[in-house]
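Participant: task: produce atomic coordinates for the following.
(4 chains)
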Protein chains: 4
Amino acid sequence: MAKLGFVGLGIMGGPMARALMRAGHEVALWSHSKGKAEKIAAEGKGATACASPAEVAAKSECVFLCVGDTKMSREVILGSNGLASGKKGALTIVDCSTISVSESRKIGAELKAKGIDFLEAPCSGSKAGAEGATLTFMIGGEPAVYERVRPYLEAMGKQLYYCGAAGMGLQAKLSQNMLLGGLLQAFNESFVLAAKAGVDLNLLLDIVNNSAARSGMVSGKAPMALARNFEPNFSVKWLEKDMALMLESAAEHNVPAPVTALAREMLRAAIAEGYGDEDIIGSVRVLEKMAGCKVESAHK
Amino acid sequence: MAKLGFVGLGIMGGPMARALMRAGHEVALWSHSKGKAEKIAAEGKGATACASPAEVAAKSECVFLCVGDTKMSREVILGSNGLASGKKGALTIVDCSTISVSESRKIGAELKAKGIDFLEAPCSGSKAGAEGATLTFMIGGEPAVYERVRPYLEAMGKQLYYCGAAGMGLQAKLSQNMLLGGLLQAFNESFVLAAKAGVDLNLLLDIVNNSAARSGMVSGKAPMALARNFEPNFSVKWLEKDMALMLESAAEHNVPAPVTALAREMLRAAIAEGYGDEDIIGSVRVLEKMAGCKVESAHK
Amino acid sequence: MAKLGFVGLGIMGGPMARALMRAGHEVALWSHSKGKAEKIAAEGKGATACASPAEVAAKSECVFLCVGDTKMSREVILGSNGLASGKKGALTIVDCSTISVSESRKIGAELKAKGIDFLEAPCSGSKAGAEGATLTFMIGGEPAVYERVRPYLEAMGKQLYYCGAAGMGLQAKLSQNMLLGGLLQAFNESFVLAAKAGVDLNLLLDIVNNSAARSGMVSGKAPMALARNFEPNFSVKWLEKDMALMLESAAEHNVPAPVTALAREMLRAAIAEGYGDEDIIGSVRVLEKMAGCKVESAHK
Amino acid sequence: MAKLGFVGLGIMGGPMARALMRAGHEVALWSHSKGKAEKIAAEGKGATACASPAEVAAKSECVFLCVGDTKMSREVILGSNGLASGKKGALTIVDCSTISVSESRKIGAELKAKGIDFLEAPCSGSKAGAEGATLTFMIGGEPAVYERVRPYLEAMGKQLYYCGAAGMGLQAKLSQNMLLGGLLQAFNESFVLAAKAGVDLNLLLDIVNNSAARSGMVSGKAPMALARNFEPNFSVKWLEKDMALMLESAAEHNVPAPVTALAREMLRAAIAEGYGDEDIIGSVRVLEKMAGCKVESAHK
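Facilitator: Coordinates of the predicted model:
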């Protein structure tokens, strides 16, 4: 069994760390929020709560992290008391966060200069995927590092896609969310209009689910909207962040992305109206308020 | 066996009329394009080519039509030598075209005043659905008329959705295409950026097909783009027309639809660049040209 | 002095008719809204209230109209009891409404077939321009007809632009409002953000008025917003209508117009939130509500 | 006469440094591009070319800089051999670049900790304004520092707006460019459509210049487009950068900015098509190519 570490124990990171523990590994834990590491450490044997990322690194041969944004990622890895500063023996860092492609490449290069291996492994599958250890990982980095880390990723996920050199994993992950963001706003417009026009929305959902316009997003999340359930699996603020990262990448590559840019602004409208922490499907309420109607199941 | 008629014998109407013939009905045929009715009539017994929609109506108890836009629909139904003018006995007209919701309602009302029953039954399933008689129909109009017409629709389609009063079938159909239009542009941006960034597009397609961002549109059409095949199943100009109809409906109901409006303009950019008659997936070339890269399978 | 007519006596039409009366002409009047014609007729000598557009035409050699949309225009001109049906001697009809370019051309052609001359003369200048007889007219149609009608237009306006054949006047008028619509939304975003960021808006207005970003719209209307005065000079619903006409024209000419399409949707958001009858600057409140701040003069 | 410095000697910085020299000051010069400092130093007495920003600072009581983006600004001020590292006596740094509001605030705070005064003074007026010393400055920072620096700014500009605390000058500057960016795209759409529809563009320009849609941008730049002159006064890539900065600010303040986001993407389309280094009015060619027509003076 390996000596692993996990940093960032939120909605995603918590269950991911537990999956590594279930697989029998010793796991050193740290999180920004006080008490989380202790709580998880208390659940299983071989897990330890640490006082800093540096301490986690000192105890581990391989550390995973899953944090909220690019800045946190850099801070936890390269900041004072960061992972890099705690290195004792051979160390591999695997970043499961969804962050800036170019920043991730830079972090990898800086770590390499310190003799630390780095792999990016952003994931999709939301809360349920993390809890069921059925995540999808999109990996970018050196193949040899990937081969070494693979068994641990398999303990947390079901599907592993090796996407190529550093940056390619994030690019693939973000491509997917770019699609999701456009699709979400198209859904919002389509279903709010249908609601206002008097279409039976349960029937419409059936029709869509049997058409070329069917999608995982709509079949999974439209029923939540119809039931007025906006509990976050994947929250508005995270999708907005991913769209912003994608626009950054589009700017670097000189690819115009008008629908993505507009979809991002609609997400920001949702944040401005106070829905940032709710599920992305909750963004439908921006249009609902304007239109004066709701995307909900027909009244009996 | 019934005496039926079919007007409009294009990519969709041709195979739909043949499906009615295969089901054993006598079918009177007419099309704008010369020679089409004769060609189809020659294929099976009981089919006759007529000189006008009026002649079709004179020979039929129920006439179907599938034409390109709202104006053609009105012309064929209520114009000089139109279906209404040919009525002899009881007559039912079923419009399978995707046209303006409000215009369709008006046509129905005008027909009612002339003692003619009317049903809207727009369909989805593209060319393949028409040829395999596996179309999906979204029906709006009086239930009694629907019940009478149902067996004929079942001869052409696999799935029948009765959506309610006049207008509801079109509204449901267009809601679906509104989703499709937003999704298409999100795909275009996502995959062109991925191509430019060097992502393996076959791999990305795999990833998307296994994610919440998966959709019938992308799984069905992305492989066409990767193979540079833009043969029309559903062409750019028709989707643009449907988006315009949806914006008309959004304006009537006072529902802002920014992503739909933008997606429509991107389709118009595709038309402006000469891709109007190719498959909707061909719209990807607008961004490709700007970005200087192609959404195609990796070179071996 | 000539025998003239005026149909449509709203915010624009009322003062325009009065300007013709002041110039000494006999003016036959009719309006959809009951009582308006009588009220204006009572103000001056030589003016008569009529019972229908047909009666106006019967009494006039040249009739002007200024109505709300394309449909009304057709109705008043070619409908039952319309102007055309009242023709006695030689008749010229001058449409000052801002309507669909292609529809206006059709109306002109239909009138020509009836021996009636037609000119389009949409105007800008808002309420103040109508009241002060300082309107700007953009004329399309036959030069000879224009020369005949010119003195009457000069009685109502200060600037006359002959733009060419039928359609060119409307096209020029709408080009201008297309600019206005994009500019308005850019203003809304710019000033709401500045307000939220704590910029002194009176100072910002000064800066803008002295920069390349200065415009008649902002220098004229931003002070209204800062003073929270949204009384209509040019109301949201009319600009939305003009943007829709421009998108119709863009579709005919295959010119993509993404910013126009989006600006129109933002106007529709303003209508959806109940600001349709207020001045276009009132549309700023859509973003204000989202952002939780107001574009208003700094508190002392 | 004061001992001043100027760093960044491009289209704007070059003439600005010369204006300080003309006012009789000793000016220490440095630029990224080799040879520029030497060339300008050779033009007047009292000017010296330096080997680094640090050397400029060592010789100056007040250093101005005008560089291309946020990163360069930080590098030149706080990087190795940057201005801060060269400080000998009392030093004031005035950043005339248009950069990120939040980054500028951070730079100011870091300089304060080193005992260096900092002022932001972004300017507008383009090349002509720099050459004629008629720039407009929008100042943010401490009033006392501003008072000390004011005479030097007056040597370079005509209009000085003190906008408040750190960040307010940039915010005001960017608000203006946000307006400009939306207006530019509205112009592009409006005039390309007019061209395609056959409107006389010189006449249209006249009409616009006499309407509420008139603007400094259109009256100044439309004639350039009509004459097919795209020589940069203010280039596409700089406006795109400013729009990106504004979207960053909008994200910080949670203000949705859909038209700004879309206008930025259209600028990126212009960059993608190779127009990044031409004047912003050159962006009209993106739509022109799609529409197959040109915004140019009518053929005689």
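
Participant: so A:R22 makes contact with A:A155?
Facilitator: Yes. Here A:R22 reaches A:A155: they are 7.4 Å apart, a contact under C-beta atoms under 8 Å. (Glycine included, C-beta is placed from N, CA and C.)

Participant: now list whatever residues contact both of these two.
Facilitator: Shared contacts of A:R22 and A:A155 (C-beta atoms under 8 Å, 6 or more residues apart in numbering or on different chains): A:A133.

Participant: so where's the stretch 201-300 of chain A uncertain?
Facilitator: Applying pLDDT under 70 to the stretch 201-300 of chain A flags the ranges A:298-300.

Participant: before we move on, back to that, okay, A:R22 and A:A155: which has more neighbours?
Facilitator: Using other C-beta atoms under 10 Å in any protein chain shown, the more surrounded residue of A:R22 and A:A155 is A:A155, with 17 against 13.

Participant: element containing that one, please.
Facilitator: helix A:143-156 (DSSP states H and E).

Participant: contacts for that helix, please.
Facilitator: Helix A:143-156 is contacted from outside by A:2, A:4, A:16, A:19-20, A:22-23, A:25, A:62, A:64, A:92, A:94, A:117-119, A:121, A:123, A:130, A:133, A:135, A:137, A:139, A:160, A:162, using C-beta under 8 Å, 6+ apart.

Participant: recalculate using a threshold of 7 Å.
Facilitator: The contact list for helix A:143-156 (C-beta atoms under 7 Å, 6 or more residues apart in numbering or on different chains) reads A:4, A:16, A:19-20, A:23, A:62, A:92, A:94, A:117, A:119, A:121, A:133, A:135, A:137, A:139, A:160, A:162.

Participant: check the offset of it from the chain's centre.
Facilitator: 19 Å (C-alpha atoms, centre = their mean, to the nearest Å).

Participant: after that helix, next one along is what?
Facilitator: strand A:157-164.

Participant: dump the C-alpha coordinates for that following strand into CSV.
Facilitator: In CSV, the C-alpha atoms belonging to strand A:157-164 read as follows (Å, rounded to 0.1, in the frame of the first residue of the first chain):
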residue,chain,number,x,y,z
GLY,A,157,-12.7,6.8,-11.0
LYS,A,158,-14.2,4.5,-13.6
GLN,A,159,-12.9,6.0,-16.8
LEU,A,160,-9.4,7.2,-17.4
TYR,A,161,-8.5,9.2,-20.6
TYR,A,162,-4.9,9.9,-21.2
CYS,A,163,-5.0,13.0,-23.4
GLY,A,164,-1.4,13.7,-24.1
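
Participant: what about that strand, average pLDDT?
Facilitator: For strand A:157-164, the mean per-residue pLDDT is 97.

Participant: and that strand, which strands flank it?
Facilitator: strand A:135-141 (parallel) (DSSP bridges).

Participant: quick one: the strand it pairs with to helix A:143-156, angle?
Facilitator: For strand A:135-141 against helix A:143-156, the angle by axes from the mean of the first three to the mean of the last three C-alpha atoms, to 10 degrees is 170 degrees.

Participant: hang on, the earlier thing: tell me which entries of the contacts of helix A:143-156 lie within helices.
Facilitator: Using DSSP state H, the members of these that fall within helices are A:16, A:19-20.

Participant: among those, which one has the most neighbours?
Facilitator: A:M16 (29 neighbours).

Participant: so who does the nearest residue to A:L65 once chain neighbours are set aside touch?
Facilitator: Leaving aside its sequence neighbours, A:L65 sits nearest to A:V7 (C-beta to C-beta, 6 or more residues apart in numbering or on different chains; 4.2 Å). With contacts defined as C-beta under 7 Å, 6+ apart, A:V7 is in contact with A:30, A:53, A:56, A:63, A:65, A:76, A:83.

Participant: so which of these is the most crowded?
Facilitator: Most surrounded of these: other C-beta under 10 Å gives A:P53, at 30 neighbours.

Participant: can you tell me which residues contact the spatially closest residue to that residue that is not a sequence neighbour?
Facilitator: In space, and not counting its chain neighbours, A:P53 is closest to A:L83: 4.6 Å by C-beta to C-beta, 6+ apart. By C-beta under 7 Å, 6+ apart, the contact list for A:L83 reads A:7, A:53-54, A:56-57, A:63, A:76-77, A:93.
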